[in-house]
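Chemist: Curious how this folds, go ahead:
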Amino acid sequence: MVSINRNPSYYHILKSLLSGDLDFHGQNTNYASHNFHAFAAKFPPQLPAKFITELTNPGDVVLDPMVGSGTTIVEAYLNGRFGIGFDIDPLALKIATVKVTPIDVDEALSIGQLLLRNAMLNVETKREELDNELRTRWNLKTKEFVDYWFEYDTQLEIMSLVNEIKTIEKDTLRDFFDLTLSGIIITKSGGVSLALDLAHTRPHRAKLIFHRADRVKEDDSPVYNATPKLNEHSIKYVRSAFWEFKKKFRQNLESAPKRVLGSLAPKIELGNAKSLPLDNESVDLIVTSPPYPSNAIDYMRAHKFSLVWLGYNIDDLSQKRQRYIGSDATNSTTLLELPDYSESVVQKVMGEDVNKGRSLRRYYSEMTEVLIEMFRVLKPGKTAVIVVGNSKIKGVDSDTAACLKEIGQKIGFDIPKVGVRKLDRDRRMMPVEYKADLSSQIQQRMHEEFVLGCYKPEN
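Modeler: Residues are numbered from 1 along each chain as shown. Coordinates of the predicted model:
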């Protein structure tokens with residue numbers, strides 16, 4: 001029996017936290033800048049805040065190696081810790097960065113109002129120039145994507161907004177307005193594309209499209225023609241990009257990041273969780289949420305809707321997607337040997353579908369690399385908190401928490417408990433249906449998540 005050297009007080013606190021309430025139902029999750037931009041499977045800010053405040057001290061280093069929408073980093077910033085975040089998703093990096101970058105609200109208000117006026121005027125006076133830019137901006141594949149998902153008039157409006165945002169000199173404000181624009185495309189409902197369910201990363205084109213009327217209400221909101229008596233989840237009301245931008249701009253301005261007394265400017269960079277540019281034993285706490293197995297939540301499937309307007313083409317984004325943990329692409333990946341139980345789960349999936357089994361093997365292999373890096377950069381006696389969910393793959397449960405627990409223990413982590421949190425799925429922005437369907441694999445696998453507390457023993 002190997003003796004594990006623990007800090008009894010710290011270890012007890014970790015176990016107690018994992019045994020407590022991890023659901024946070026009914027609590028406000030939209031304070032500070034947390035509501036800046038829709039993001040699928042974003043955990044509530046109370047979760048990282050709970051571990052940050054109990055397991056670290058002001059000035060300590062808090063890492064999220066898969067930063068996503070930056071929830072952990074925002075909480076580290078608000079609580080006077082030094083947040084470090086890495087990601088390979090370009091939109092995730094922009095979201096996380098903007099959410100912790102203070103701006104001059106009065107300056108942003110002035111620039112935003114002028115930006116919007118100019119963009120609206122340009123659609124009227126420079127329509128030919130905008131049309132030419134739309135025809136020459138992208139390669140053929142990307143242009144086909146844009147034409148399928150965005151109506152022509154909407155394209156003109158977005159293009160005009162893009163051009164005005166480019167003229168902003170300050171990087172911080174330009175990023176702020178880029179994110180505002182992205183936020184009117186990727187939304188939980190509505191948005192300016194013809195896609196439904198974008199924020200859940202399962203976009204589908206509306207079956208019936210209604211256009212706004214030329215008149216507006218007193219508050220400048222658009223009026224639509226008669227509403228049909230059809231399932232509302234099959235209908236899309238085409239929205240003015242200008243009106244939606246104005247609304248989102250006002251909302252983001254109200255919750256714009258402010259300088260917090262005692263706060264430390266975080267570091268958010270492009271980086272791979274499997275190879276972190278950090279020194280050994282340099283981190284006090286890790287709080288992160290890796291992707292679901294089997295690409296159950298396909299971030300790039302949604303993110304490309306705004307990234308094409310920020311200068312990317314579809315082929316480049318597809319290549320980036322193949323490098324994401326959990327991607328279905330397995331041809332060029334070197335896989336690690338898995339421990340017994342994890343291997344048995346992979347074998348069960350292989351028995352049902354060889355390609356899906358290979359994808360799951362890649363997921364657990366890459367997560368092994370991620371856990372090895374977490375162990376390396378953590379200080380002894382510190383913890384990595386990992387929030388994971390299961391996937392149902394061809395009828396087989398991925399049993400993610402059990403597999404990652406086994407892998408983590410093999411690496412050297414001590415895992416005192418796996419906490420369980422029941423999901424308020426609609427608020428968590430999971431892929432959902434509009435009525436219960438117990439035969440749906442999506443619905444079967446997304447009712448709860450698991451919180452692993454991975455403790456690194458002291459030397």
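
Chemist: in the top helix by length along the chain, what's buried?
Modeler: The longest helix of the chain (DSSP state H) is helix 354-377. Across helix 354-377, burial judged by 16 or more other CB atoms under 10 Å covers 356-371, 373-377. Every residue, glycine included, has its C-beta placed from N, CA and C.

Chemist: I'd like the next helix or strand past it.
Modeler: Following helix 354-377 in sequence order, the next helix or strand is strand 378-388 (DSSP states H and E).

Chemist: what lines up beside the following helix or strand past that following strand in the sheet?
Modeler: Counting by DSSP H and E, the next helix or strand C-terminal to strand 378-388 is strand 392-393. Strand 392-393 pairs in its sheet with strand 396-397 (antiparallel), by DSSP bridges.

Chemist: what's in contact with the partner strand?
Modeler: Contacts to strand 396-397, defined as CB atoms under 8 Å, 6 or more residues apart in numbering, come from residues 345, 348-349, 352, 390-391, 445.

Chemist: Which single one of these is nearest to Y11?
Modeler: Distance to Y11, by CB to CB, is smallest for N390 among these, at 26.7 Å.

Chemist: Look up how far I185 lies from that closest one.
Modeler: 30 Å (CB to CB, to the nearest Å).

Chemist: Between the two, which has more neighbouring residues?
Modeler: Between N390 and I185, counted using other CB atoms under 10 Å, the more crowded position is I185 (26 against 22).

Chemist: That one: what secondary structure?
Modeler: Using DSSP: H, G, I helix; E, B strand; the rest coil, the structure places I185 in coil.

Chemist: before we move on, back to that, helices or strands next to the longest helix of the chain in the packing?
Modeler: Counting contacts by 3 or more CB pairs under 8 Å, 6 or more residues apart in numbering; DSSP states H and E, helix 354-377 packs against strand 283-288, helix 340-352, strand 378-388, helix 400-411, strand 448-455.

Chemist: and the angle from it to strand 283-288?
Modeler: Helix 354-377 and strand 283-288 are oriented at 160 degrees to each other (axes from the mean of the first three to the mean of the last three CA atoms, to 10 degrees).

Chemist: what angle sits between helix 354-377 and strand 448-455?
Modeler: Angle of helix 354-377 versus strand 448-455, following the same axes, to 10 degrees, is 40 degrees.

Chemist: Helix 354-377: how far from the chain's middle?
Modeler: The gap between where helix 354-377 is centred and where its chain is centred comes out at 20 Å by CA atoms, centre = their mean, to the nearest Å.

Chemist: next one: stretch 175-191
Modeler: The chain centroid and the centroid of stretch 175-191 are separated by 13 Å under CA atoms, centre = their mean.

Chemist: Show me which parts of it are buried, residue by residue.
Modeler: Buried positions in stretch 175-191, judged by neighbour count with 16+ other CB under 10 Å: 175-187, 191.

Chemist: per-residue confidence for the closest residue in space to L278 that isn't next to it in sequence?
Modeler: Nearest residue to L278 in three dimensions, chain neighbours excluded: V377, at 4.6 Å (CB to CB, 6 or more residues apart in numbering). Here, the pLDDT recorded for V377 equals 98.

Chemist: unless I'm mixing things up, V377 is touching P277, no?
Modeler: No - at 9.8 Å, V377 does not count as touching P277 under the criterion of CB atoms under 8 Å.

Chemist: residues contacting V146?
Modeler: By CB under 8 Å, 6+ apart, V146 lies in contact with 134, 138, 155, 308.

Chemist: Could you identify which of those residues has the most neighbours?
Modeler: V308 (23 neighbours).

Chemist: domain assignment for the chain?
Modeler: 8-102+261-299+312-455, 105-254 (automatic domain parsing).

Chemist: can you give me the helices for the stretch 1-150 of the chain?
Modeler: Along the stretch 1-150 of the chain, counting by DSSP state H, counting those that start in this stretch, helices occupy 8-19, 46-55, 71-78, 90-99, 105-125, 127-136, 140-149.

Chemist: Can you convert those into TSV and add a column each for distance to V283 and mean pLDDT?
Modeler: Shown next, in TSV, are those (distance: least, CB to CB, whole Å; pLDDT from 0 to 100):
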stretch	distance to V283	mean pLDDT
helix 8-19	15	86
helix 46-55	12	96
helix 71-78	11	97
helix 90-99	17	97
helix 105-125	33	97
helix 127-136	45	97
helix 140-149	39	96
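
Chemist: As JSON lines, those with distance to N313 would be great.
Modeler: Converted to JSON lines, the helices of the stretch 1-150 of the chain look like this (distance: least, CB to CB, whole Å):
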{"stretch": "helix 8-19", "distance to N313": "44"}
{"stretch": "helix 46-55", "distance to N313": "34"}
{"stretch": "helix 71-78", "distance to N313": "29"}
{"stretch": "helix 90-99", "distance to N313": "12"}
{"stretch": "helix 105-125", "distance to N313": "23"}
{"stretch": "helix 127-136", "distance to N313": "13"}
{"stretch": "helix 140-149", "distance to N313": "4"}
